[in-house]
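Novice: Sequence plus predicted model, see below.
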Amino acid sequence: MNNTTNGRLISLDVLRGFVMFWIMSGEHIIHALAKAAPIPIFIWMSSQLHHAEWNGITFYDMIFPVFLFVAGVSMPFSFEKKMKLAGVKEPKDLPKAEKRKIYLSMLRRTCILLVLGFVVNGLLRFDGFDQTRFASVLGRIGLAWFFAGIIYLNFDFKKQLICFFGILIGYYAAMKWIPVPNFGAGVLTKEGSLEGYIDRLFLPGRLHSTVYDPEGIFSTIPAIATALLGVFIGTFLKAKCPFSINIKLLLMALAAVVLIIAGLIWDINFPINKHLWTSSFVCFVGGFSILFFVFFYAIIDLLGFQKWAFPLVLIGSNSILIYIAAEGSVDFKHTADYVFGGLIQYTSIIWQPFFAALSVTIVQLLLLYFLYKKKWFLKI
């Protein structure tokens, strides 16, 4: 069966849309639902849509790395046409002139994401250099994707693996053994961690959490490993080998389990921590990222059950745009209140916040549907 749309795996758009849904408005629906109908399953779901205070993991902590993982998965597919035209089988064998074009394109994309991250953080409010936060989610996606791409374009799979493990082990060693003034080595607190110390020294402007930034300089390095993990899965999926697709999916699922177990074991000495993007966090969430991808790939691309996921395709195909809009550049709540507020006021008071949150999602999906039908996509 045809499992792509314009060269894109549909399951990637669906998975991207699935994780972005919770950021754009889904979390508010679940929080309101848990208050209106406080049964255990809704309360648990609501608790999973908050970041862990420090060490530990929730579903909400997985959204960002899953999105970055998906960017990595798409990389081998996006370069496939260029490799065919150049007549090479490995990206490292691309002609130097072609690589230079790719580097410039990647650098442009990264710079745009950095600037958009600044804008999301309020750059255009002109609050002054000291009050502007320069670290951002979009900036980390751009930087991690860029360096993962550099590794992918210049090394064979064996050396890519060495880079992956080198990043995780090197980050662990640095965080555990390099002393921080006034704290010493291996202090993994907000103030005492090497990551926070580097942010305070070198990251300009305002830090997200005063003494460190969750999208800071040093913790961007292990994020490269998250993107590389996606690259590995994308490479394995499209590679010609004697395995059937079912065996490939089984092997990916087994790799996911191994990563989850490795993350849990590493957690004993190097806690799973999204704020620091610890190596154990990369392994643990990387395992779940693979499982999410295997599930959506099997359901969407192999079995062909696609119609139910159309709303997620709408979100996933314009994920950067809806993220920027939902993070404050567009007041969806005001529009939803104007359109649906009159109807919502006739519902039970306890359910009104739920319907209000749901109406925001409807407005967002209507906008995305309009853009989809017009084929207007924010491509970076």
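Specialist: Thanks, I have it.

Novice: these two touch, right, Ile272 and Ser280?
Specialist: Yes: judged on C-beta atoms under 8 Å, Ile272 makes contact with Ser280 at a distance of 4.8 Å. Just so you know, the C-beta spots here come from the backbone N, C-alpha and C atoms, and that holds for glycine as well.

Novice: The two: who's more crowded?
Specialist: Counted by other C-beta atoms under 10 Å, Ile272 and Ser280 do not tie: Ser280 has more neighbours, with 25 against 22.

Novice: any residues in contact with both of Ile272 and Ser280?
Specialist: Shared contacts of Ile272 and Ser280, defined by C-beta atoms under 8 Å, 6 or more residues apart in numbering, are found at Gly263, Leu264, Trp266.

Novice: Filter these down to just the ones in helices.
Specialist: Members of the shared contacts of Ile272 and Ser280 lying in helices (criterion: DSSP state H): Gly263, Leu264, Trp266.

Novice: Quick check, central residue of this protein?
Specialist: What sits nearest the mean C-alpha location of the chain, by C-alpha atoms, centre = their mean, is Phe67, with 2.3 Å.

Novice: what helix or strand is that residue on?
Specialist: helix 59-86 (DSSP states H and E).

Novice: ok, and for that helix, which residues are buried?
Specialist: Buried positions in helix 59-86, judged by neighbour count with 16 or more other C-beta atoms under 10 Å: 59-77, 79, 82-83.

Novice: Point out the other helices and strands that it packs with.
Specialist: strand 8-9, helix 10-21, helix 96-120, helix 137-154, helix 220-238, helix 279-296 (3 or more C-beta pairs under 8 Å, 6 or more residues apart in numbering; DSSP states H and E).

Novice: Now render these as CSV, adding distance to Ile178 and mean pLDDT.
Specialist: CSV is the format used below for these (distance: least, C-beta to C-beta, whole Å; pLDDT from 0 to 100):
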stretch, distance to Ile178, mean pLDDT
strand 8-9, 40, 76
helix 10-21, 33, 96
helix 96-120, 27, 92
helix 137-154, 21, 96
helix 220-238, 13, 96
helix 279-296, 15, 98
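
Novice: So for Phe370, which of those sits nearest?
Specialist: helix 10-21 (16.1 Å; C-beta to C-beta).

Novice: about what we covered before: just the buried subset of the ones in helices among the shared contacts of Ile272 and Ser280, written out for PyMOL, thanks.
Specialist: Buried subset of those, written as a PyMOL selection, criterion 16+ other C-beta under 10 Å:
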select buried, resi 263+266
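
Novice: with the ones in helices among the shared contacts of Ile272 and Ser280 in mind, which one is nearest to Leu201?
Specialist: Trp266 (27.0 Å).

Novice: Point out where this protein drops to low pLDDT.
Specialist: 1-8 (pLDDT under 70).

Novice: List the residues that contact Ile63.
Specialist: Val19, Met20, Trp22, Ile23.

Novice: change it to 7 Å
Specialist: By C-beta atoms under 7 Å, 6 or more residues apart in numbering, the contact list for Ile63 reads Val19, Trp22, Ile23.

Novice: closest to Ile233 among the residues you listed?
Specialist: Closest to Ile233, out of all of those and judged by C-beta to C-beta, is Val19, at 15.7 Å.

Novice: neighbours of that closest one, just the number please.
Specialist: 25.

Novice: how close does it sit to Glu27?
Specialist: 11 Å (C-beta to C-beta, to the nearest Å).

Novice: joint contacts of those two?
Specialist: Joint contacts of Val19 and Glu27 (C-beta under 7 Å, 6+ apart) do not exist.

Novice: re the thing from before, let me have the helices and strands packed on helix 59-86 in CSV, adding distance to Tyr323 as columns.
Specialist: CSV is the format used below for those (distance: least, C-beta to C-beta, whole Å):
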stretch, distance to Tyr323
strand 8-9, 18
helix 10-21, 6
helix 96-120, 8
helix 137-154, 8
helix 220-238, 17
helix 279-296, 18
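
Novice: of all these, which lies closest to Lys333?
Specialist: helix 10-21 (16.5 Å).

Novice: which ones are touching Gly142?
Specialist: Arg109, Thr110, Leu113, Leu114.

Novice: same thing but 6 Å
Specialist: Contact analysis of Gly142 by C-beta atoms under 6 Å, 6 or more residues apart in numbering lists Thr110, Leu113, Leu114.

Novice: Out of the residues you listed, which is nearest to Tyr171?
Specialist: Thr110 (20.7 Å).

Novice: what's around the closest one, how many residues?
Specialist: Neighbourhood size, Thr110 [other C-beta under 10 Å]: 21.

Novice: so how far is Gly139 from it?
Specialist: With distances taken as C-beta to C-beta, Thr110 is found 8 Å from Gly139.

Novice: The residue nearest to Gly316 when sequence neighbours are not counted: neighbouring residues, count only.
Specialist: Leaving aside its sequence neighbours, Gly316 sits nearest to Gly17 (C-beta to C-beta, 6 or more residues apart in numbering; 3.1 Å). Residues lying near Gly17 (other C-beta under 10 Å) number 24.
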